[in-house]
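>>> coordinates for the following, if possible.
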Amino acid sequence: MTFHDDLVSGKRQFSKLEIEDVSLSDVVTYDLELTDCVFRNVSFRGARLEGLKATRCHFENCIFAYAELSESKFVDCVFYKPTMECSFHHADCRYCEFITCDMRLVSFEKTRLFKANFLQCNATGANFYRAAFSKVVEIRECIFELVDLRDAQLPRCNLSKTSFRQADLREANFEACNLQECDFAGASLAHMAILYADMRGANIAEFDVRSHSFFGVQ
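Sure thing, here's the model as predicted:
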């Protein structure tokens, strides 16, 4: 039986699989558990995968566009290989957790990220343009360097100990955020909102005090 057949038959736990060059776009499954698996050139476009739990899995050139992934959890997963990055374009990632994952160059453009958590992830160069954070998300102890966070709406979110070096933060709303020990060196900060933010220990040496209001900032 193929992996697709196993899913259709109701199997929910898989380990040490290597799947490539297939489409799983029609898959509908809940609480799927994947451990130490490799997916290469796999399309999950539009798949229903709510409650997925992936541990130490590698996803190379995989497409999750329009997939339903709410309440999923990814731990120690890799979504990057040179020229083989992944896309979550328009996916539903509400309540998802990404923990110690390599997410370099991943596209989250227009992805739904309500109450999503990113902890100790490397998302260098990732694209979050117009991602729907819905003002409730955590990005803690992460590398978000060179990311596209233009117009990101993140008020009152915990973004502590995250590096935003050379990130594009134009028009982003970080009002009342926890920005303790964040690094903004080289970031594009035009019209970024930071009122009432907690910036204790943050690197803000390159902020232009003439174009930003620091009212209420700690």
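>>> for residue 27, which non-adjacent residue is closest in space?
Distance criterion C-beta to C-beta, 6 or more residues apart in numbering; nearest residue to residue 27, sequence neighbours excluded, is residue 47 at 4.5 Å. C-betas here are computed from N, CA, C, even on glycine.
>>> ok, now which ones touch the one you found?
24, 25, 26, 27, 28, 64, 67, 68 (C-beta atoms under 8 Å, 6 or more residues apart in numbering).
>>> same check on residue 29?
Residue 29 is in contact with 7, 12, 48, 49, counting by C-beta under 8 Å, 6+ apart.
>>> try residue 174
By C-beta under 8 Å, 6+ apart, the contact list for residue 174 reads 154, 155, 157, 159, 192, 193, 194, 197.
>>> and for the third one, the neighbour number?
Spelled out, it's residue 157. When neighbours are counted by other C-beta atoms under 10 Å, residue 157 registers 22.
>>> after the one helix or strand in the chain whose mean pLDDT sits lowest comes which helix or strand?
Taking mean pLDDT, DSSP states H and E as the measure, the chain has helix 3-9 as its least confident helix or strand, at a mean of 87. For helix 3-9, the succeeding helix or strand toward the C-terminus, using DSSP states H and E, is strand 13-15.
>>> what's whatever helix or strand comes next after that next one packed up against?
Next in sequence after strand 13-15, counting helices and strands by DSSP H and E, comes strand 18-23. Applying 3 or more C-beta pairs under 8 Å, 6 or more residues apart in numbering; DSSP states H and E, we find strand 18-23 packed against helix 3-9, strand 38-43.
>>> any idea which of the ones you listed is most buried?
Mean neighbour count (mean count of other C-beta atoms under 10 Å) peaks for strand 38-43 among those, with a mean of 18.
>>> now the angle from that strand to strand 18-23?
Orientation of strand 38-43 against strand 18-23 (axes from the mean of the first three to the mean of the last three C-alpha atoms, to 10 degrees) gives an angle of 0 degrees.
>>> what confidence value was assigned to residue 16?
At residue 16, the predicted lDDT confidence score is 97.
>>> so what's the residue count around it?
Neighbour count for residue 16, taken as other C-beta under 10 Å: 10.
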